[in-house]
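K.L.:
would you be able to build a 3D model of this:
(4 chains)
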Number of protein chains: 4
Amino acid sequence: MQYVENFKSIIDRYNIIFFDSFGVIKTYFGLVPGIENTFTYLEAQKKEYYIVTNDASRSPAQLAEGFHQMGLNMISANRIVSSGMLTKECLDLKVKDGIVAYLGTANSAHYIETSGLHTLPVSQVNDGNIDLVNALIFLDDEGFNWFADLNKAVNILRKRTIPAIVANTDYAYPLSVNDVSIAIGGLASMIESIVGKEFIRFGKPDSQMFMFAYDLIREYRSVSKKEIVMVGDTLHTDILGGNKFGLDTVLVLTGNTLPADAEIKITTTGIVPTYICATAAAGLDELAL
Amino acid sequence: MQYVENFKSIIDRYNIIFFDSFGVIKTYFGLVPGIENTFTYLEAQKKEYYIVTNDASRSPAQLAEGFHQMGLNMISANRIVSSGMLTKECLDLKVKDGIVAYLGTANSAHYIETSGLHTLPVSQVNDGNIDLVNALIFLDDEGFNWFADLNKAVNILRKRTIPAIVANTDYAYPLSVNDVSIAIGGLASMIESIVGKEFIRFGKPDSQMFMFAYDLIREYRSVSKKEIVMVGDTLHTDILGGNKFGLDTVLVLTGNTLPADAEIKITTTGIVPTYICATAAAGLDELAL
Amino acid sequence: MQYVENFKSIIDRYNIIFFDSFGVIKTYFGLVPGIENTFTYLEAQKKEYYIVTNDASRSPAQLAEGFHQMGLNMISANRIVSSGMLTKECLDLKVKDGIVAYLGTANSAHYIETSGLHTLPVSQVNDGNIDLVNALIFLDDEGFNWFADLNKAVNILRKRTIPAIVANTDYAYPLSVNDVSIAIGGLASMIESIVGKEFIRFGKPDSQMFMFAYDLIREYRSVSKKEIVMVGDTLHTDILGGNKFGLDTVLVLTGNTLPADAEIKITTTGIVPTYICATAAAGLDELAL
Amino acid sequence: MQYVENFKSIIDRYNIIFFDSFGVIKTYFGLVPGIENTFTYLEAQKKEYYIVTNDASRSPAQLAEGFHQMGLNMISANRIVSSGMLTKECLDLKVKDGIVAYLGTANSAHYIETSGLHTLPVSQVNDGNIDLVNALIFLDDEGFNWFADLNKAVNILRKRTIPAIVANTDYAYPLSVNDVSIAIGGLASMIESIVGKEFIRFGKPDSQMFMFAYDLIREYRSVSKKEIVMVGDTLHTDILGGNKFGLDTVLVLTGNTLPADAEIKITTTGIVPTYICATAAAGLDELAL
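P.N.:
Numbering: from 1, shown residues only, chains lettered A, B, ... in the order given. Predicted coordinates:
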């Protein structure tokens, strides 16, 4: 484990950078101060980068649009790998026809929709169409009535032997400096323990997220895992997942892991990043673009 | 393990009978057919009995009133031991003053209220009173807005280092022949895993439920555990808890455990009742009162 | 939560003191310095006390003998409540005949032996006697061959539908300042997850331990839980269990919880003792016996 | 879910077959009867196949040699993907120097050894070399003293903040018709819960196993997941993992899942194979090679 002063030196050592989004590029206050320098430097150095995020609430195009509105215009949709994309791929390959019931916003479901499959909010499943439901997917914690629809999801899964897919492994997410919100991953785990079935989960630290980004690169050029570094703010998703996939890893301290807690958390969990760096924002004065 | 034809023979063998309520005395259809014979016979034989239930949604008086409305007039409030009563005792002993925030109906909280403590729905906790909140209790899955108040409960427990008490260990409960409903115990477990703190739980199979009923008897006479039998429909609450407390146990097949599944469930879980009996309703023709 | 300078003031406030053993009265170095003052003061003040310990490796008589050899002559066997005693009571009440197979030393099994039951090390179970095995108990991590006998225990429990009783809830115990040892509770949990059955566990934080001690007192006099305080070095056994049973609790810092970690551990776990005191050794100069 | 009479029709539908080893190709009795027909037919049809196995006890060359000794001469080492290979890759990428301590046979460690790394049995770690230990790996349940070395592994992981890698996710494995044996995955989980750190695990159902096999193919030709079918006897490893990776799946009934239990297990777990086939042995009379 090595402390790095300026994130610029990380960029200099690798050809490809994978970034987590929340806590690394942005927080609930807006962009991480100076993060635009990092992307300017990446473009100047012609380094590749990808945003690898446990976010299935919106499509890559919408996630990119969100960055643009904050002033990060260079991040395009094809740079973004989300757990929602893996859910979509799994449905494409494994569910041939019928209805995919979902918990989430209409927006999150719109993106998942594929030829031949009809998406339907859990609230609209009834005795007349339940036999056509061939998958149930957990997309977002918003867009439905928790009391009515979580109970309905339990009963759909007790009646239908179908895959249940969770497009976000997080149990909670930060809402403000002081508050967190229960994430769809937490709700899905509760339902999983009640119905006693095994759900399929997509999201870091699972390797399939990293493999998806890795494959995007391999479509146009050959690559070695040694060229890639994963940058994240959370030990048990970004760093554990990156380590397991065989990547070097950088822990930044602008999000989930506070500067005062980093060392103790690393020792307690045994999850060791290759580097620790205060921020993913490249130091200004030394940029000399 | 011994099969028993007529529940009457169980009553003949013990001085005191502990009954689970749902699945043993009543179901979503009403009373278990013939169960009134059991209580008539118990009274005729001057045998003692207690209802030991994981139900904190209502007071013992209201639970007794529920039996009366179904026609079981002999069951009085002092025969009922609920997980809500243990929650109330714990608050009495451990929380000296301030506010007890709760998730549940106003009705469930009314019963818990004790001198010196003020109960307040989680929805009414705010920046002005949060520092006075000295306990958070999980009473019932109804009576609050799941989205708003489950999220609020998470954040109260992140900000306040206070006991969180769960008055029901069940994860789900039956709503009809086909449907179940998520119980407050399931919601509490999700919140426990999100906030990473250890909650206090009351309810079968925990020994404290059985001890509470046992102590009610010992207040007026001496008693041995060998005089008591626990009757239940669920292996991992009623039977496991009864076995651990040192009681003989009867599994009945009118509720959670279907006749076709009983043997396989016993083998799979390793939870072995002393007896299996189709129903807790004493056989009519042989009653000869 | 209140900081207390001198443990003497705790003794002055309660009629009955429950002590954990390891980390409170003794450590791997020997007695906690000055602890003999505490017991001298207790006797002088005619206060009652009990040692409540998750130790099933020896009988109460042997545990008392251990204290005597260290110089604490006043602690007699009838002051000791161990998880082994609950295991013995459970066997007395629930297992009528046959063989009780065990993992542990011959010494630990000798104490458990009761009229009508024959104890046998797991290593001596074979095709000729396996059908007579009516319980399997986990007593101690020593006294058997881990490879041969843990595997044998798994297969006995797959073949026989019998109660499995764990006489120690701890996963590990301290061996020296630097090293811990895997406890029988940890080995039992591994086997439980492999065979998929539900084991019966005795030991703090489970209420049955506290109830057993409480009942010893009630055999000769009436008592209220408000008269008792539980003293321990471990939040999730001594303090959580004491709180749940409705007792006031004291966290001491001579064992499992280091002075530097106490506050953060209390905040993280949400397990709050009534008092924190550096040691259970009563301050010498202020004793003024 | 579709029942298939003759495994030959599965081969006809796909270009590439992934096989689990134990329970599919062989059992403790030897080869699954008729399985050689399957491999003869695969070769005749010029279909590709891979053996994907949670076995880190031996190298691919040794695993292949095992098949040859049973008479399956066509299975070469480069057809075998084991969880040990992923462990080796992870060490290559993430551990630059020092000692890799291991639990397992010398044989299992020999294969893992890579340039620059020195493997050492846990038993030989001591005060003089512990500071050089940069990873601890769990390879096999044999080859070490369980009591001494499991305890030592716990203490190494408490003292060193290093990756712990488990090369087998199974908790137990079949030893004979009647007996199972605790697997290194079960021992590792016990140690993980005692030290409270997060281990890295390789093996089905984790996607990285399937990806590794998938990448072997992509090294010499392009391939779609739709061309591949995964054949296994265990729902929660072979079938769950195959489904999640996006492959079609076949459950065979010659191993872990008995014919009488297949439907109930599928309903209970919610893990649904694309096909069910009694055996992976292609029907003889219809082969007509």
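
K.L.:
which strand or helix spans whichever residue of the stretch 1-150 of chain A sits closest to chain D?
P.N.:
Relative to chain D, the nearest point of the stretch 1-150 of chain A is A:Leu93 (3.7 Å; Cβ to the nearest Cβ). Where C-beta positions appear, they are placed from N, C-alpha and C, glycine not excepted. Assigned by DSSP states H and E, A:Leu93 belongs to helix A:83-94.

K.L.:
and the average pLDDT for that helix is what?
P.N.:
For helix A:83-94, the mean pLDDT works out to 94.

K.L.:
what does chain A have sitting close to chain B?
P.N.:
Neighbours of chain B within chain A, by Cβ under 8 Å from any Cβ of the partner chain: A:145-147, A:150-151, A:154-155, A:158-159, A:171-172, A:178-182, A:186-187, A:189-191, A:193-194.

K.L.:
redo that, cut-off 7 Å
P.N.:
Contact residues, chain A versus chain B (Cβ under 7 Å from any Cβ of the partner chain): A:146-147, A:150-151, A:154-155, A:158, A:171-172, A:179-182, A:186, A:189-190, A:193-194.

K.L.:
in this structure A:His236 contacts A:Pro205, no?
P.N.:
Yes - using Cβ atoms under 7 Å, A:His236 is in contact with A:Pro205, at 6.3 Å.

K.L.:
which one of these two has more residues nearby?
P.N.:
A:Pro205 (24 against 15; other Cβ atoms under 10 Å in any protein chain shown).

K.L.:
wait, what's in contact with the more buried one?
P.N.:
A:His236, A:Thr237, A:Leu240, A:Gly241, A:Lys244 (Cβ atoms under 7 Å, 6 or more residues apart in numbering or on different chains).

K.L.:
can you count the residues close to A:Thr267?
P.N.:
When neighbours are counted by other Cβ under 10 Å, A:Thr267 comes out with 13.

K.L.:
my guess is it contacts D:Arg160, does it?
P.N.:
No - assessed by Cβ under 7 Å, A:Thr267 is found out of contact with D:Arg160, at 10.0 Å.

K.L.:
can you give me the helices in the stretch 101-250 of chain A?
P.N.:
Counting by DSSP state H, counting those that start in this stretch, the stretch 101-250 of chain A has helices at residues A:106-112, A:151-159, A:184-195, A:207-218, A:240-245.

K.L.:
most tightly packed of these?
P.N.:
Using mean count of other Cβ atoms under 10 Å in any protein chain shown, the stretch among the helices of the stretch 101-250 of chain A with the greatest mean number of neighbours is helix A:240-245 (a mean of 28).

K.L.:
check which helices and strands that one is in contact with.
P.N.:
In terms of contacts (3 or more Cβ pairs under 7 Å, 6 or more residues apart in numbering or on different chains; DSSP states H and E), helix A:240-245 is packed against helix A:207-218.

K.L.:
list the contacts of the residue of the stretch 101-250 of chain A at minimum distance from chain D.
P.N.:
Among all residues of the stretch 101-250 of chain A, A:Lys197 sits closest to chain D, at 3.2 Å; criterion: Cβ to the nearest Cβ. Taking Cβ under 7 Å, 6+ apart as the contact definition, A:Lys197 lies against A:Leu157, A:Ala164, D:Thr269, D:Gly270.

K.L.:
out of the residues you listed, the closest to chain C would be?
P.N.:
Distance ranking of the contacts of A:Lys197 against chain C, using Cβ to the nearest Cβ, places D:Thr269 first at 12.8 Å.

K.L.:
and A:Ala109, what pLDDT?
P.N.:
On the pLDDT scale, A:Ala109 gets 92.

K.L.:
make that A:Leu235, sorry
P.N.:
97.

K.L.:
over to A:Ile51?
P.N.:
98.

K.L.:
could you look up the SS state of it?
P.N.:
The three-state label given to A:Ile51 by DSSP: H, G, I helix; E, B strand; the rest coil is strand.

K.L.:
ok so, going back, out of the helices of the stretch 101-250 of chain A, which is closest to C:Lys226?
P.N.:
Set against C:Lys226 and scored by Cβ to Cβ, those come closest in helix A:184-195, at 37.2 Å.

K.L.:
tell me the angle of the closest one relative to helix B:184-195?
P.N.:
For helix A:184-195 against helix B:184-195, the angle by axes from the mean of the first three to the mean of the last three Cα atoms, to 10 degrees is 140 degrees.

K.L.:
and A:Lys26, bridged to which residues?
P.N.:
When bridges are taken as DSSP bridges, the partners of A:Lys26 come out as A:Phe22, A:Leu31.

K.L.:
nearest residue to A:Asp12 other than its sequence neighbours?
P.N.:
Excluding the flanking residues, the one nearest A:Asp12 by Cβ to Cβ, 6 or more residues apart in numbering or on different chains is A:Gln45, at 7.8 Å.

K.L.:
my guess is that neighbour contacts A:Ile10. True?
P.N.:
No - A:Gln45 is not in contact with A:Ile10 according to Cβ under 7 Å; the separation is 11.6 Å.

K.L.:
pick out whichever of those two has more residues nearby.
P.N.:
Neighbour count, other Cβ under 10 Å: between A:Gln45 and A:Ile10, A:Ile10 has more, with 21 against 12.

K.L.:
one step back: okay, the contacts of A:Pro205 in JSON lines with distance to C:Tyr275 next?
P.N.:
Below are these laid out as JSON lines (distance: Cβ to Cβ, whole Å):
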{"residue": "A:His236", "distance to C:Tyr275": "35"}
{"residue": "A:Thr237", "distance to C:Tyr275": "39"}
{"residue": "A:Leu240", "distance to C:Tyr275": "39"}
{"residue": "A:Gly241", "distance to C:Tyr275": "43"}
{"residue": "A:Lys244", "distance to C:Tyr275": "44"}
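
K.L.:
wait, A:Ala77 touches A:Glu65, no?
P.N.:
No - using Cβ under 7 Å as the test, A:Ala77 is too far from A:Glu65 to be in contact (8.3 Å).

K.L.:
is stretch A:65-81 positioned near chain D?
P.N.:
No - no part of stretch A:65-81 sits near chain D under the criterion Cβ under 7 Å from any Cβ; the closest distance found is 14.4 Å.

K.L.:
restricting to C-alpha, output that stretch in PDB.
P.N.:
Below are the C-alpha coordinates for stretch A:65-81, written out as PDB (Å, rounded to 0.1, in the frame of the first residue of the first chain):
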ATOM      1  CA  GLU A  65     -26.400  13.600 -19.400                       C
ATOM      2  CA  GLY A  66     -26.200  14.000 -15.600                       C
ATOM      3  CA  PHE A  67     -22.400  14.500 -15.900                       C
ATOM      4  CA  HIS A  68     -22.900  17.100 -18.700                       C
ATOM      5  CA  GLN A  69     -25.300  19.100 -16.600                       C
ATOM      6  CA  MET A  70     -22.600  19.300 -13.900                       C
ATOM      7  CA  GLY A  71     -20.100  20.600 -16.500                       C
ATOM      8  CA  LEU A  72     -18.200  17.300 -17.300                       C
ATOM      9  CA  ASN A  73     -19.000  17.400 -21.000                       C
ATOM     10  CA  MET A  74     -16.400  14.900 -22.100                       C
ATOM     11  CA  ILE A  75     -18.000  11.800 -20.400                       C
ATOM     12  CA  SER A  76     -20.100  10.100 -23.100                       C
ATOM     13  CA  ALA A  77     -22.600   7.300 -22.600                       C
ATOM     14  CA  ASN A  78     -20.200   4.700 -24.100                       C
ATOM     15  CA  ARG A  79     -17.800   5.300 -21.300                       C
ATOM     16  CA  ILE A  80     -20.300   4.200 -18.700                       C
ATOM     17  CA  VAL A  81     -20.800   0.600 -17.400                       C
END
